[in-house]
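Participant: Using only what follows, build the 3D model:
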Amino acid sequence: MSASNLTVIDHTHWFVGGTHFGHTGILDLAMRPYADIKEHDRELVRKWNELVQPRDTVWHLGDVAGDEVPFDDVKTTFKRLNGIKRLIVGNHDGEEVRDKLDWASVDDIRTLVARDCKIVLCHYPLLEWEGYFSGDLHFHGHTHDRIPSTRRRWDCGVDHQAFLPMTFSQIKERMNDLPDPIS
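Facilitator: Residues are numbered from 1 along each chain as shown. Purely as a prediction, here's the structure:
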């Protein structure tokens with residue numbers, strides 16, 4: 001992989017996934033603590049915008065909304081979210097979500113550069129990834145906090161992150177307290 005293809009991140013880069021805006025079924029499926037989907041969406045947008053500034057970058061690790069949510073509703077919610085948004089495609093991100101929202105980039109998998117390692121982003125959790133044996137990290141979504149994060153692999157889904165986007169530094173601090181999967 002060419003170094004020119006790698007994005008260097010800093011404190012203005014946020015990671016989140018599995019928001020499932022408008023997806024009523026997610027409330028029961030992931031046992032989310034909201035009375036209804038309107039409260040869910042309102043609170044996720046509020047929490048996002050309290051942290052993310054308009055010029056910050058947000059890496060969304062997939063499943064922006066539910067499959068059956070009308071696209072106009074998804075588009076309205078998307079426009080309310082602060083930041084320059086980049087999508088790592090999830091299994092619920094259909095053609096309209098991928099192609100018709102104002103994403104700065106859309107990828108299935110992407111590698112970023114942090115201060116002391118690389119981070120491989122993919123919607124799905126991987127057991128090994130490029131750079132695994134040299135200490136690089138993996139961020140994913142998809143699992144709704146059902147697979148434990150480790151010192152090397154982190155679930156960026158809102159169910160695992162208190163319904164908040166998090167920066168690399170915040171995530172790395174939490175990862176440092178977790179077991180190493182190869183020890």
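Participant: Tell me the buried residues in the longest helix along the chain?
Facilitator: Assignment by DSSP state H gives helix 37-51 as the longest helix of the chain. Residues of helix 37-51 classed as buried: 37, 40-41, 44-45, 47-48, 51 (neighbour count, 16 or more other C-beta atoms under 10 Å). C-beta: built from backbone N, CA, C; applies to glycine.
Participant: Stretch 168-183 too?
Facilitator: Within stretch 168-183, the residues scored as buried using 16+ other C-beta under 10 Å are 168, 170-172, 175.
Participant: What lies in contact with the longest helix of the chain?
Facilitator: With C-beta atoms under 8 Å, 6 or more residues apart in numbering as the contact definition, helix 37-51 has outside contacts at 14, 16, 19, 21-24, 26-27, 32, 34, 58, 77, 80-83, 158, 163-165.
Participant: Summarise which helices and strands the lowest-mean-pLDDT helix or strand in the chain is packed against.
Facilitator: In the chain, no helix or strand scores lower on mean pLDDT, DSSP states H and E than strand 7-8, which sits at a mean of 92. In terms of contacts (3 or more C-beta pairs under 8 Å, 6 or more residues apart in numbering; DSSP states H and E), strand 7-8 is packed against strand 109-113.
Participant: what are the ranges of the helices in this protein?
Facilitator: Listed in chain order, the helices of the chain (DSSP H) span 26-29, 37-51, 71-80, 95-100, 168-175.
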